[in-house]
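Visitor: Below are the sequence and a predicted model; questions follow.
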Amino acid sequence: MELAIYNIEGKDTGRKAQLNDEVFAIDANEHAVYLDVKQFLANQRQGTHKSKERSEISGSTRKLHKQKGGGGARIGDINSPVLVGGGRVFGPRPRDYRFKLNKKVKQLARKSALTYKVQDNQIKIVEDFTFEGSKTKNFANFAKNLEVEGKKILLVLAGQDKNVYLSARNIPNAEIITASDINTYELMKHNAILMTESGLDVINKL
């Protein structure tokens, strides 16, 4: 599979980039994508939620009235969950939401996500570039030239580039990622994937 290569001015260079069919043209597995995205989001959860149960409430343990003979329902102390200000029954407790996913499943999910993006024409290949300075205007013009302005942009670079990162920092819905850190969640989240030639070389070896 081949895609046209554009420069930062949005013009077709006349050259073609070769996409590895084993990465960009596989039999996509939707369930693997679901599992990988689910794991990514689960790993972001802190799991520090906690509510106080009956035994943890600061209140008197005196029995409010006698068990029988009062004509009403029996009741214990003021910390009872049925009373306002009492403890909570089966409330949330701190826990770890992370779970394990096999490497081959994660690899399949990434390749499936890339395949979906190619099929939807959401991937563009760009010549390797950098900006002279770290100005938001640089990235804004870059996005406009490539006709992805206003979309959720994911720019995939081969390595870190400070000027490019700082230029994109204030652009809404634009993220910079290195090819080695690419993941299924970021791919599915964005609808305009821009890859540099050197970044594509890394992804072709996934």
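Guide: It's in. Model, not experiment: these values are computed from the prediction.
Visitor: What does Gln44 show for phi and psi?
Guide: Main-chain torsions, Gln44, degrees, to the nearest 10: phi -80, psi -20.
Visitor: What about it, how many residues nearby?
Guide: 10 (other CB atoms under 10 Å). For glycine as for every other residue, the C-beta is placed from the backbone atoms N, C-alpha and C.
Visitor: And for Gly86?
Guide: 18.
Visitor: How about Ile75?
Guide: Counted with other CB under 10 Å, residues neighbouring Ile75 total 15.
Visitor: Excluding chain neighbours, what is closest to Glu175?
Guide: Leu154 (5.4 Å; CB to CB, 6 or more residues apart in numbering).
Visitor: what's the distance between that neighbour and Pro81?
Guide: Noted for Leu154: a distance of 48 Å to Pro81, by CB to CB, to the nearest Å.
Visitor: Tell me the helix or strand right after the one helix or strand the residue nearest to Glu175 maps to.
Guide: Applying DSSP states H and E as the criterion places Leu154 in strand 153-157. Moving toward the C-terminus from strand 153-157, the next helix or strand (DSSP H and E) is helix 162-168.
Visitor: Ramachandran angles for the residue of the chain most remote from its centre?
Guide: Distance to the chain centre peaks in the chain at Gly69, reaching 60.7 Å (criterion: CA atoms, centre = their mean). Backbone geometry at Gly69, expressed as degrees, to the nearest 10, gives phi 90, psi -10.
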